[in-house]
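In: pasted the sequence and its predicted model underneath.
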Amino acid sequence: MLKHESRVGKLNAPAATIYHTISDFSRLEHITPPDDKMKVVHADADSCKFAMGSNGEFGMRIIERKENDTVKITSDESVPFSFYLWIQLKEVAEADTRVRVTLHADLNPMLKMVAKKPLTQFVDQLVDKLEASFN
């Protein structure tokens, strides 16, 4: 099992504004700028699929939403391991919301050696991209 918690990011927007963006995968373009390594192949409100260069595609789906607070995401059948991703919001003032992303991935020891770095980078970059989008 791999568990990784991001740093706490500071976003200059109300939690409702951020939640509106992160709770619907069809709005991914707001937090995923074009990238040569990762492209959004499909996105609707509840699911999305990414192409990861020559590593194939992987998908995610939202399994729980708590308005202005939490979005819980899990892997779909295209991913060779299961993972859960929690995006937590905490509004501390009107235009000051904190965000933390937590990843739990069920990886065998061999896969953990290969996937640990890209997965932890993905979590950390998600916080960076949210900060860039909302600051």
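Out: Perfect, I can see it now.

In: longest helix in this protein, by number of residues?
Out: helix 109-133 (DSSP state H).

In: buried set for that one?
Out: 115, 119-120, 122-124, 126-127, 130, 133 (16 or more other Cβ atoms under 10 Å). Placement of C-beta: from N, CA and C, glycine included.

In: from those residues, which is closest to residue 100?
Out: Nearest to residue 100 among those, counting by Cβ to Cβ, is residue 127 at 7.6 Å.

In: quick one: that closest one from residue 4, how far?
Out: 11 Å (Cβ to Cβ, to the nearest Å).

In: ok, residue 25 next?
Out: 21 Å.

In: again, but for residue 134
Out: When residue 134 is compared with residue 4 (using Cβ to Cβ), they lie 22 Å apart.

In: chain center to the helix or strand of the chain with the lowest mean pLDDT: distance?
Out: Here the helix or strand of the chain ranked lowest by mean pLDDT, DSSP states H and E is strand 38-43, holding a mean of 81. Averaging C-alpha positions (Cα atoms, centre = their mean, to the nearest Å) puts strand 38-43 13 Å from its chain's average.
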